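1. Below are the sequence and a predicted model for it; my questions follow.
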Amino acid sequence: MELNLFSFITQLAVLVLLLGAAHQPLGAYLSTTFTSRRHLALERGLYKVSGVDAQADQHWKVYVRSLLAFSALSIVVVFLGQLLQGVLPFNQGHGAVDPWVALNTAVSFVTNTNWQTYAPEATLGFGVQMLLLAVQNFLSAAVGLAVVVALVRGLVRSETHNVGNFWVDLTRGTFRVLLPLATVAAVVLVITGVVQNWGGTDIHTLASHAAQTVPGGPVASQEAIKELGTNGGGYFNANSAHPFENPNAFSSLFEVFLLLLIPFSLPAMYGRMVGDRRQGYTVLTVMVAFWLVSTSLMAWAVGSYAHTGTGVGEGFEQRLGVAPSAIFATATTLTSTGAVNVAHDSLPPLAGGLAMLNMMLGEIAPGGVGSGLYGLLVLAVVAVFIGGLMVGRTPEFLGKKIGAAPMKLVAVYILTTPVLALAGTSLTAGIPALAANAPASGPHGFSEILYAFTSAANNNGSAFGGITTSGPPLAAMLAVVMLLGRFIPMVLVLALAGTLAKQRKVPDTAGTLATHGPLFATLLGGVSLLVTALIYFPALALGPAAEGLLK
């Protein structure tokens, strides 16, 4: 297969037009959703049953405790549900899941990583898929939304430690944002041919014409929130390369649109909530620039490899072609989605390296639901700090002074993911028994390990599929990395929100560094590249770069 340049440019242009059209309307709706004082009847009923005081405005520490308690309970429920699958309804004859796999899966779905160490259609019945995993697809995305909204409140508010109500934000994100959008998306996916049934599909194989039943199920409904919530866990082991999840080029492009929709609309919400739409446009500019450059480089890396005589084919879905695979691979690694329509282990070395680099950026272009925007806003604080030092003024961001306390939180935030990813990689690569789980030799074997821990630490979930991670050691290690990679940054972001919220706003002066416009966008883009991706340069040199030189 070779890259069709016209197809690539056309699909990219369609995405830009659709996302551009949705940016402001959805951003305005998100802003209204999280600033409204009105509670819907369904929400009031839930608050009454659960004992939540919807009028309470939580201290940032209470917000953190609520988030962590909810997530811990979710892990326990999903874990026990898998162990009890054999006695639960709609199990399709599947029994209890292996405890280590169940633990990894519970942590994975609650942290919005959706790393899968099992073949879903051969391991899980409809009950676990629908009532546990699909539900967590909604809730984990809603948690990300809640955190970014709390951070924006911290920028807006003054002389308070309160950043909102976690339970209200979680409920609104689920019922007002994700559920309506996912319902519409599921209907569209069914129209494109994605399966939504209560059984299997009888087919005749091409080779022997033998009858075979391919497992089915409520796929479209899970596929919709899988992409919309930047989750990524497939109903089938082949994920979005499976024709029941992604039957044609149109469905593939629509799925990319879904996984980019909310993250690219959040800057509009941010601009409206802080009262300056220029702030949102500046953040959006950086996101779009990284996305377009990375997508173009991915297409070039795959397309140029096809002309070397080696060609591409194995691992690429023949129904879709190179252009949709390059667009999908970039979008899924620049967000925290992890869904795939091409086997990333089969990507050419430079393309595989780009997929890793996208995650190493911190998945900020546009990133996951909530996590992309709060990650970029943290980097904006760094950019403001550096800009302030350059002009010899106290750094300020939207009227808030950026001193020692915010910068300590930001520094730990930036270091958390690289430490987790590189420590896990070095430990696994240095222990022969663990390294043997990556059967490939040389640089590619190292790349499989590096990709796995980078994906887990960034809560992405995609993988170089050659590595085996279902055994107890790696399943447990990856679960720990996923947990720490999700919740340490969230706690730091909420602490930053509380630190900023307690400050009194200072008025702008003639010497205040403007945090909107081309100049700040350039500074923010440069800082994002320098303080994130370059940390990983030695590891990339040992893996995909070395492999590329050997090809």
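-> Received the coordinates, thanks.
2. what helices or strands is the one helix or strand in the chain whose mean pLDDT sits lowest leaning on?
-> Across the helices and strands of the chain, mean pLDDT, DSSP states H and E gives its lowest value to strand 201-204, namely a mean of 74. Counting by 3 or more Cβ pairs under 8 Å, 6 or more residues apart in numbering; DSSP states H and E, the packing neighbours recorded for strand 201-204 are strand 211-214. Where you see a C-beta, it was placed from the backbone N, CA and C, and this is true even at glycine.
3. average pLDDT across the strand it packs on?
-> Per-residue pLDDT values across strand 211-214 average out to 78.
4. After it, which helix or strand is next?
-> Downstream of strand 211-214, the first helix or strand assigned by DSSP states H and E is helix 219-228.
5. Please report how far Gln116 lies from Ala72.
-> Going from Gln116 to Ala72 by Cβ to Cβ, to the nearest Å gives 22 Å.
6. show me what contacts the residue nearest to the spatial centre of the chain?
-> Residue closest to the average C-alpha location in the chain (Cα atoms, centre = their mean): Ser336, at 1.5 Å. Contacts for Ser336 (Cβ atoms under 8 Å, 6 or more residues apart in numbering) come out as 112-113, 230, 232, 363, 367-369, 371-372, 458-461.
7. which sections of the stretch 1-150 of the chain are below the confidence cut-off?
-> Judged against pLDDT under 70, the low-scoring parts of the stretch 1-150 of the chain cover residues 1.
8. swap in the chain?
-> Regions of the chain meeting the criterion pLDDT under 70 cover residues 1, 208, 306-314, 551.
9. thinking again about what came up before, counting neighbours, which of the contacts of Ser336 comes out on top?
-> Using other Cβ atoms under 10 Å as the contact criterion, the top neighbour count among the contacts of Ser336 goes to Thr230, which has 37 neighbours.
10. name the element that residue belongs to?
-> Element membership of Thr230 [criterion: DSSP H and E] is none; it lies in no helix or strand.
11. Now for it: which residues touch it?
-> So Thr230 contacts Asn112, Ala141, Gly144, Leu259, Ile262, Pro263, Thr335, Ser336, Thr337, Gly367, Gly368, Val369 (Cβ under 8 Å, 6+ apart).
12. now for the strand or helix carrying Val419, which elements pack on it?
-> Using DSSP H and E, the element containing Val419 is helix 404-430. With contacts defined as 3+ Cβ pairs under 8 Å, 6+ apart, the secondary structure elements packing on helix 404-430 are helix 371-391, helix 432-435, helix 442-457, helix 472-501.
13. what ranges do the helices span in the stretch 251-400 of the chain?
-> Secondary structure of the stretch 251-400 of the chain, counting by DSSP state H, counting those that start in this stretch: helices at 277-306, 322-334, 349-360, 371-391.
14. would you turn the contacts of Ser336 into CSV with distance to Leu494?
-> As requested, the contacts of Ser336 are arranged in CSV below (distance: Cβ to Cβ, whole Å):
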residue, distance to Leu494
Asn112, 16
Thr113, 20
Thr230, 20
Gly232, 24
Glu363, 19
Gly367, 17
Gly368, 16
Val369, 17
Ser371, 13
Gly372, 17
Asn458, 19
Asn459, 17
Asn460, 22
Gly461, 23
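15. Quick one, which of the helices of the stretch 251-400 of the chain gets closest to Ala106.
-> Closest to Ala106 of the helices of the stretch 251-400 of the chain is helix 371-391 (Cβ to Cβ; 19.5 Å).
16. If you count neighbours, what's buried in the closest one?
-> Of the residues in helix 371-391, those scored as buried under the neighbour-count criterion (16 or more other Cβ atoms under 10 Å) are 371-388.
17. Give me the nearest residue to Gly445, chain neighbours excluded.
-> Spatially, and ignoring its direct neighbours in sequence, Gly445 is nearest to Ala438 (4.5 Å; Cβ to Cβ, 6 or more residues apart in numbering).
18. The one you found belongs to a strand, doesn't it?
-> No. In this structure, Ala438 is coil, not part of a strand, as judged by DSSP: H, G, I helix; E, B strand; the rest coil.
19. gap between it and Asp345?
-> Here the criterion is Cβ to Cβ. By it, Ala438 lies 10 Å from Asp345.
20. Mind listing the shared neighbours of those two?
-> When contacts are counted by Cβ under 8 Å, 6+ apart, Ala438 and Asp345 have Glu448, Gly466 as shared neighbours.
21. Neighbours of Gly86, how many?
-> A count of nearby residues for Gly86, using other Cβ under 10 Å, gives 12.
22. hmm, I was thinking of Phe109
-> Tallying neighbours of Phe109 according to other Cβ under 10 Å, which is how burial is gauged here, yields 27.
23. again with Leu5
-> Leu5: 11 surrounding residues under other Cβ under 10 Å.
24. ok, now Ser50?
-> 9.
25. Number of residues surrounding the closest residue to it other than its chain neighbours?
-> Once its chain neighbours are removed from consideration, Ser50 has its nearest residue in Trp167; the separation is 7.5 Å (Cβ to Cβ, 6+ apart). Around Trp167 sit 23 other residues, with neighbours defined as other Cβ under 10 Å.
26. What's the first helix or strand after the helix or strand in which Trp167 is found?
-> Element membership for Trp167 (DSSP H and E) is helix 166-172. Stepping forward along the backbone from helix 166-172, the first helix or strand reached (DSSP H and E) is helix 179-192.
27. Out of the helices of the stretch 251-400 of the chain, which gets nearest to Ala433?
-> When the helices of the stretch 251-400 of the chain are compared for distance to Ala433 using Cβ to Cβ, the nearest one is helix 349-360, at 24.2 Å.
28. ok, and what's touching that closest one?
-> Residues from elsewhere that reach helix 349-360 (Cβ under 8 Å, 6+ apart): 294, 297-298, 301-302, 305, 326, 329-330, 333-334, 344-345, 347, 365, 418, 421, 443-444, 447, 450-451, 454-455, 458, 460, 462, 464, 532-533, 535-536, 540, 543-545, 547-548, 551.
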